[in-house]
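>>> quick check, what structure comes out for this input:
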Amino acid sequence: MIYGHPGPGEAPGLARELLAEAQNLEEVIEDVVQDVLAIAQRISRATDRRKAALYAPALLTGRDVLDSFLEDLAAVADCVEALSAALGPSTDRDEPDAARARIALSAVRRIVETAGDQGREHAHIGRLATERVSDFAEFEMLYQQITRDLGRGDRAAVDARMPRFAEVERNLATERASAMLVDVRRRREELGVGGREDQGDDDTDFII
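Got it, this is the predicted structure:
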């Protein structure tokens, strides 16, 4: 929606349309952020990849919907500025129609700021939850690779994977992941320093 110079009496109606659109977006964003938050909380309580992955499709959908509404909100903000520019600077001699339009536009700006902040905050929460799902997948993939390397007696390959394995375990911070890390470290120490050289990685045996 692009505004040129609204004719007499048009500005209040256009401003009211923007206000109605902003109020509608505020309501739907509120609903979507609650959905995203609920899904993210379930993922935060997940203890393994399978459980976290159950919520991944719903999270992806929620994030896409939220991003779409935030784009719509940004479009409303652009329209507000275009209409405000068409009205020109506020003066003591503003016509009543212009004054009413400015009041409505101020209300739209407040909604855009509040709903936008809320939406962006929860979009960030959604990104963090998505990263957690990915961390679970990476952690279990690394565990399978390290277990394979331990079985081969390949200390060098184990050592190469351990820093990232430990880093992802810290990200997950679950009892199960911690126990898996402790187990791998114990088996690594039992392997000793005489492990044979790496005979090549085959990372295709893990399907996410």
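
>>> list the contacts for the most centrally placed residue in the chain?
Among the residues of the chain, the one closest to the centroid is R127, at 2.3 Å (C-alpha atoms, centre = their mean). By C-beta atoms under 8 Å, 6 or more residues apart in numbering, R127 lies in contact with R63. Backbone N, C-alpha and C define where each C-beta goes, glycine included.

>>> which helix of this protein spans the most residues?
Counting residues, the longest helix found in the chain (DSSP state H) is helix 96-152.

>>> any idea which helix or strand comes after that helix?
helix 155-172 (DSSP states H and E).

>>> got the angle for that following helix vs helix 96-152?
In terms of direction (axes from the mean of the first three to the mean of the last three C-alpha atoms, to 10 degrees), helix 155-172 departs from helix 96-152 by 150 degrees.

>>> show me what helix 155-172 is packed against.
helix 96-152, helix 175-191 (3 or more C-beta pairs under 8 Å, 6 or more residues apart in numbering; DSSP states H and E).

>>> relative orientation of it and helix 175-191 in degrees?
Using the same axes, to 10 degrees: helix 155-172 against helix 175-191 is 160 degrees.

>>> next, the buried residues of helix 155-172.
Residues of helix 155-172 classed as buried by neighbour count (16 or more other C-beta atoms under 10 Å): R155, A157, V158, R161, M162, F165, V168, E169, L172.

>>> what's the spacing between that helix and its chain's center?
Its chain's average C-alpha position is 26 Å from that of helix 155-172, according to C-alpha atoms, centre = their mean, to the nearest Å.

>>> same question for stretch 153-171.
Going by C-alpha atoms, centre = their mean, where stretch 153-171 is centred and where its chain is centred differ by 27 Å.

>>> ditto for stretch 12-28
That offset, for stretch 12-28, works out to 26 Å (C-alpha atoms, centre = their mean).

>>> using PDB, write out every CA atom in that stretch.
The C-alpha atoms that make up stretch 12-28 are tabulated as PDB, following Å, rounded to 0.1, in the frame of the first residue of the first chain:
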ATOM      1  CA  PRO A  12      -8.500   9.500   8.800                       C
ATOM      2  CA  GLY A  13     -10.000   6.600   6.900                       C
ATOM      3  CA  LEU A  14      -6.600   5.400   5.700                       C
ATOM      4  CA  ALA A  15      -5.200   5.700   9.200                       C
ATOM      5  CA  ARG A  16      -8.100   3.800  10.700                       C
ATOM      6  CA  GLU A  17      -7.500   1.000   8.200                       C
ATOM      7  CA  LEU A  18      -3.800   0.800   9.300                       C
ATOM      8  CA  LEU A  19      -4.900   0.800  12.900                       C
ATOM      9  CA  ALA A  20      -7.300  -2.100  12.300                       C
ATOM     10  CA  GLU A  21      -4.600  -4.000  10.400                       C
ATOM     11  CA  ALA A  22      -2.100  -3.400  13.200                       C
ATOM     12  CA  GLN A  23      -4.500  -4.500  15.900                       C
ATOM     13  CA  ASN A  24      -5.300  -7.700  13.900                       C
ATOM     14  CA  LEU A  25      -1.600  -8.500  13.600                       C
ATOM     15  CA  GLU A  26      -1.000  -7.800  17.200                       C
ATOM     16  CA  GLU A  27      -3.600 -10.400  18.100                       C
ATOM     17  CA  VAL A  28      -2.300 -13.100  15.800                       C
END
